[in-house]
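> coordinates only, sequence not included:
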């Protein structure tokens, strides 16, 4: 992850333009890992360019996987020479997942099925994030996992696994995916039952790699031992990245943004419904319905900003977009969120850090145990907001600052490299 560079944001009258967002980070992680355990050469176009996916590539390289890259610093194509199911090799040292919880949790699921011992660690932020929610079901399947008070560093010693039926205690796509990845290496049929639907990129990607996935109500089932075949994939643009431009267009009068080739998977687009409830005009045109991941063009126009309440049942489908929705609410609307305690377990305590940063910009915002409330009736003054080392907060504060009376500074803004290198350059190009 980058250092602590600051970024100055000037108020904008409006934003207009067409912007291609980076490849979807969630899909990219899964394509890399499944390509590594498939037989043959997998090709992935448009891989997410940020630090998190680079970390996954590096960890897989340490496990013996050859991954060739081509393209630019902002857009990657990769070729993965897979080692087959159970074919990863013992690394020569500790695997460092950096700032990426997805890397750590998904690799735990894969490594649980390999007969060697690996230590997984990460940066200071990742070392605070919970890992027991992944470790517990993997231990039930037969792996030996020792965490550090439920967090990283963790020692994973894999081996022969037995399938289980597991109901996740929280709605988490990462927990679901880790168990399903372990299930590929297990004897029998592994079932994951979710308390609420989460993003389904893993189910779609498994099918792309030739693994039958059965879905029955809330249950997802995979049969162990089925070989993965190499795939040829194109990663759509990341809807969570697109949400920042969509919110910016919704915030400022006279604004309109068009975002082509963006993922429109219905498990990722709940934020569009919230934007419409807040007053935005949205057109989502699916251009390739035959793709395993729906994609198309998103057009968002300003049409006023009003109040919205987000209830707990909505939170799992909005967890990555809640900070930028809060930023949008500072532009004359209001947002009340409950049932979002999971935000406290992200790269930062996103509730506390979001509230602190918005207040530093002049917002009227209150914190609660499991959420927050933004009252956007007064215009932001501008100020200095600390990103708290969290990429989504750095970008959300920038969107809020567009509507301030004065200039604002985002501290630690270069953390956006985790998911969106070049974010601030794109923002400057859109502002008018």
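That came through, no problem. None of the values given here were measured: they were computed from a predicted structure.
> what helix or strand is residue 214 on?
strand 213-216 (DSSP states H and E).
> That strand pairs with which strands, and in what direction?
Paired strands of strand 213-216, with direction, are strand 219-223 (antiparallel) (DSSP bridges).
> Pull out the buried positions in the strand holding residue 214.
Neighbour counts over strand 213-216 (16 or more other CB atoms under 10 Å) mark residue 213 as buried. For every residue, glycine as well, the C-beta is placed using N, CA and C.
> That strand: how far from the chain's middle?
Its chain's average C-alpha position is 24 Å from that of strand 213-216, according to CA atoms, centre = their mean, to the nearest Å.
> Next, the residues that contact it from outside, please.
203, 206-207, 220-222 (CB atoms under 8 Å, 6 or more residues apart in numbering).
> All the strands of the stretch 201-350 of the chain, residue numbers only.
For the stretch 201-350 of the chain, the strands defined by DSSP state E, counting those that start in this stretch occupy 213-216, 219-223, 232-234, 256-263, 281-286, 295-301, 307-310, 334-337.
> returning to what we had before: buried ones from the contacts of strand 213-216, can you make that a PyMOL selection?
In PyMOL, this line selects whichever of those come out buried by 16+ other CB under 10 Å:
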select buried, resi 203+206+220+221+222
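> pLDDT averaged over stretch 384-393 - what is it?
Stretch 384-393 carries an average pLDDT of 96.
> got the strands of the stretch 201-350 of the chain as CSV, with mean pLDDT and distance to residue 174 columns?
Formatted as CSV, these follow (pLDDT from 0 to 100; distance: least, CB to CB, whole Å):
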stretch, mean pLDDT, distance to residue 174
strand 213-216, 95, 17
strand 219-223, 97, 14
strand 232-234, 94, 20
strand 256-263, 97, 18
strand 281-286, 95, 26
strand 295-301, 97, 23
strand 307-310, 98, 22
strand 334-337, 98, 21
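> Spit out the contact partners of residue 104.
Counted by CB under 8 Å, 6+ apart, residue 104 has contacts 97, 120, 122, 126, 131, 152, 154.
> Drop anything exposed from those.
Judged by 16+ other CB under 10 Å, buried ones among the contacts of residue 104: 97, 120, 122, 126, 131, 152, 154.
> circling back to that earlier point, could you export the strands of the stretch 201-350 of the chain as a markdown table, including distance to residue 199?
Below are the strands of the stretch 201-350 of the chain laid out as a markdown table (distance: least, CB to CB, whole Å):
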| stretch | distance to residue 199 |
| --- | --- |
| strand 213-216 | 14 |
| strand 219-223 | 12 |
| strand 232-234 | 17 |
| strand 256-263 | 10 |
| strand 281-286 | 17 |
| strand 295-301 | 15 |
| strand 307-310 | 18 |
| strand 334-337 | 19 |
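> right, so of these, which gets closest to residue 272?
Residue 272 sits nearest to strand 281-286 of all the strands of the stretch 201-350 of the chain, at 5.5 Å, using CB to CB.
> And the contacts of the closest one?
Contacts for strand 281-286 (CB under 8 Å, 6+ apart): 246, 264, 269, 272, 275-276, 294-303.
> can you check stretch 346-355 too?
Contacts of stretch 346-355 with the rest of the structure, by CB under 8 Å, 6+ apart, involve 99, 101, 125, 129, 322-323, 326, 340-341, 343-344, 365-368, 370-372, 386-393, 396, 418.
> tell me which helix or strand of this structure sits lowest on mean pLDDT?
Least confident helix or strand of the chain, by mean pLDDT, DSSP states H and E, is strand 66-72 with a mean of 88.
> got the buried residues for it?
Buried-residue list, strand 66-72, by 16+ other CB under 10 Å: residue 67.
> Ok, stretch 92-104 next?
Buried, per 16+ other CB under 10 Å, within stretch 92-104: 95-104.
> Looking at those residues, which one is closest to residue 378?
If you rank those by distance to residue 378 using CB to CB, residue 99 comes first, at 34.4 Å.
> The closest one against residue 121, yeah?
No: with contact defined as CB atoms under 8 Å, residue 99 does not count as touching residue 121 (11.7 Å).
> show me the contacts for the residue nearest to residue 100 when sequence neighbours are not counted.
Residue nearest to residue 100 in three dimensions, not counting chain neighbours: residue 52, with 4.0 Å by CB to CB, 6 or more residues apart in numbering. Contacts for residue 52 (CB under 8 Å, 6+ apart) come out as 25, 29, 98-100, 102-103, 418-419.
> Just send those back as CSV, with distance to residue 62 and pLDDT too.
Shown next, in CSV, are those (distance: CB to CB, whole Å; pLDDT from 0 to 100):
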residue, distance to residue 62, pLDDT
25, 20, 96
29, 16, 98
98, 13, 97
99, 17, 94
100, 14, 96
102, 17, 97
103, 12, 98
418, 20, 92
419, 22, 92
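> ok, residues contacting the least confident helix or strand of the chain?
Residues from elsewhere that reach strand 66-72, judged by CB under 8 Å, 6+ apart: 32, 36, 57, 60-61, 76-81.
> With stretch 297-305 instead?
Under CB under 8 Å, 6+ apart, the answer for stretch 297-305 is 14, 242, 245-246, 249-262, 264, 272, 275, 278-285, 287, 328-329, 331-333, 376.
> From those, keep the buried residues only.
Using 16+ other CB under 10 Å as the burial test, those include 14, 242, 245-246, 249-252, 255-262, 264, 272, 275, 278-280, 282, 328-329, 331-333, 376 as buried.
> Tell me where the model's unsure across this structure.
Along the chain, segments meeting pLDDT under 70 span 1-3, 72-75, 289-290.
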